[in-house]
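A.B. asks: here is a sequence with its predicted model. Questions after.
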Amino acid sequence: VQLQASGGGLVEPGGSLRLSCAASGFSLDDYAIGWFRQAPGKEREAVSCISSSGDDIYYSDAVKGRFTISRDNAKNVVYLQMNSLKPEDTAVYYCAVRTTGWGHRAQEYAYWGQGTQVTVSS
């Protein structure tokens, strides 16, 4: 089981990025997928999660209305579209797989990608 997060980078405030989480060795469409982030000196927090069916979606209050999670099961990829980025969005972003159930608690996600750095700065 391998997850590869990509798409991070340096962007100015107000800009956009799209993160991708690609899986190898298994099919993402059987599982709930979450995006989490961790800024220096802070705890890892849930950003957005999507259930295996796509019917249930969670967004943290900090990103609601700005970020959109989606999944392309044919490509075995989950995306996080991030718009109107703010400096406080700066963090390493991780995608993770939850093998059972649904929720946004990081400790309930079993498999994690390596993370991609997002820096929002002018």
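C.D. replies: Ah, there it is. Residues are numbered from 1 along each chain as shown.
A.B. asks: tell me who's in contact with the residue most central in space within the chain.
C.D. replies: The centre of the chain sits closest to residue 35, judged by C-alpha atoms, centre = their mean, with a distance of 2.3 Å. For residue 35, the contact set (C-beta atoms under 8 Å, 6 or more residues apart in numbering) comprises 19, 21, 46-49, 69, 78, 80, 93-96. C-beta coordinates here come from the backbone N, C-alpha and C atoms, glycine included.
A.B. asks: any chance of those residues in CSV, plus secondary structure and pLDDT?
C.D. replies: Shown next, in CSV, are the contacts of residue 35 (DSSP: H, G, I helix; E, B strand; the rest coil; pLDDT from 0 to 100):
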residue, secondary structure, pLDDT
19, strand, 98
21, strand, 96
46, strand, 98
47, strand, 98
48, strand, 98
49, strand, 97
69, strand, 97
78, strand, 95
80, strand, 98
93, strand, 98
94, strand, 97
95, strand, 96
96, strand, 96
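A.B. asks: just put the residues you listed in JSON lines and tack on distance to residue 8.
C.D. replies: What follows is the contacts of residue 35, written out as JSON lines (distance: C-beta to C-beta, whole Å):
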{"residue": "19", "distance to residue 8": "7"}
{"residue": "21", "distance to residue 8": "12"}
{"residue": "46", "distance to residue 8": "18"}
{"residue": "47", "distance to residue 8": "13"}
{"residue": "48", "distance to residue 8": "15"}
{"residue": "49", "distance to residue 8": "19"}
{"residue": "69", "distance to residue 8": "16"}
{"residue": "78", "distance to residue 8": "15"}
{"residue": "80", "distance to residue 8": "10"}
{"residue": "93", "distance to residue 8": "6"}
{"residue": "94", "distance to residue 8": "11"}
{"residue": "95", "distance to residue 8": "11"}
{"residue": "96", "distance to residue 8": "16"}
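A.B. asks: just the buried residues of those residues.
C.D. replies: By neighbour count, with 16 or more other C-beta atoms under 10 Å, those hold 19, 21, 46-49, 69, 78, 80, 93-96 as buried.
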